[in-house]
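Enquirer: starting from these lines, generate the structure:
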Amino acid sequence: MASDLARQGLSILATNLRLGKLELDVVARDGDTVIVVEVRHRGVTAWQTGMESIVPAKAKRVRAAGERLWRERFLRDARVNRMRFDVAVVTFDAGGEAHIEYARGVL
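Expert: Here you go, the predicted structure:
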């Protein structure tokens with residue numbers, strides 16, 4: 001997923017970033033915006049979509065981790081003005097080919 005974002009011109013700052021008990025899947029940067037990407041994987045037999053799998057408690061944990069990252073790393077960085085929370089859902093078809101659905105600013 002991070003390589004797909006890099007091909008779109010984003011700078012990848014971290015993957016699987018641990019912040020205490022919290023973890024962020026991908027942290028990227030696009031100009032003055034830090035982007036936190038929650039990555040969900042789903043196979044063809046999944047009962048729910050990747051978007052449906054983000055329950056309120058999960059969204060709360062991702063936002064808490066992002067807020068902690070902001071306070072610890074970006075609060076005093078004049079080059080960064082905002083943070084956005086995105087979701088990337090990777091699904092695999094029967095042949096094993098990956099398909100990515102990307103939603104900006106949804107968490």
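Enquirer: identify the residues contacting the residue most central in space within the chain.
Expert: Nearest to the mean C-alpha position of the chain, by C-alpha atoms, centre = their mean, lies residue 37 at 1.0 Å. With contact taken as C-beta atoms under 8 Å, 6 or more residues apart in numbering, residue 37 is in contact with 1, 5, 25-28, 86-88. Quick note: C-beta positions are derived from backbone N, CA and C, even for glycine.
Enquirer: what about it, distance to residue 96?
Expert: Relative to residue 96, residue 37 is positioned 23 Å away (C-beta to C-beta, to the nearest Å).
Enquirer: next: residue 14.
Expert: Following C-beta to C-beta, the distance that separates residue 14 from residue 96 is 28 Å.
Enquirer: these two: who's more crowded?
Expert: Shown here are residue 14 and residue 96; by other C-beta atoms under 10 Å, residue 14 has more neighbours (15 against 8).
Enquirer: and the contacts of the longest helix seen in the chain?
Expert: Longest helix in the chain by number of residues, with DSSP state H as the criterion: helix 56-69. Contacts to helix 56-69, defined as C-beta under 8 Å, 6+ apart, come from residues 17, 19-20, 22-24, 27, 34, 36, 38, 83, 85, 107.
Enquirer: returning to what we had before: where is pLDDT lowest across the contacts of residue 37?
Expert: Ranked by pLDDT, the contacts of residue 37 bottom out at residue 1 (76).
Enquirer: nearest spatial neighbour of it, skipping sequence neighbours?
Expert: Excluding its sequence neighbours, the residue lying closest to residue 1 (C-beta to C-beta, 6 or more residues apart in numbering) is residue 39, at 5.0 Å.
Enquirer: show me the beta-bridge partners of that neighbour.
Expert: In this entry, residue 39 is beta-bridged to residue 88, by DSSP bridges.
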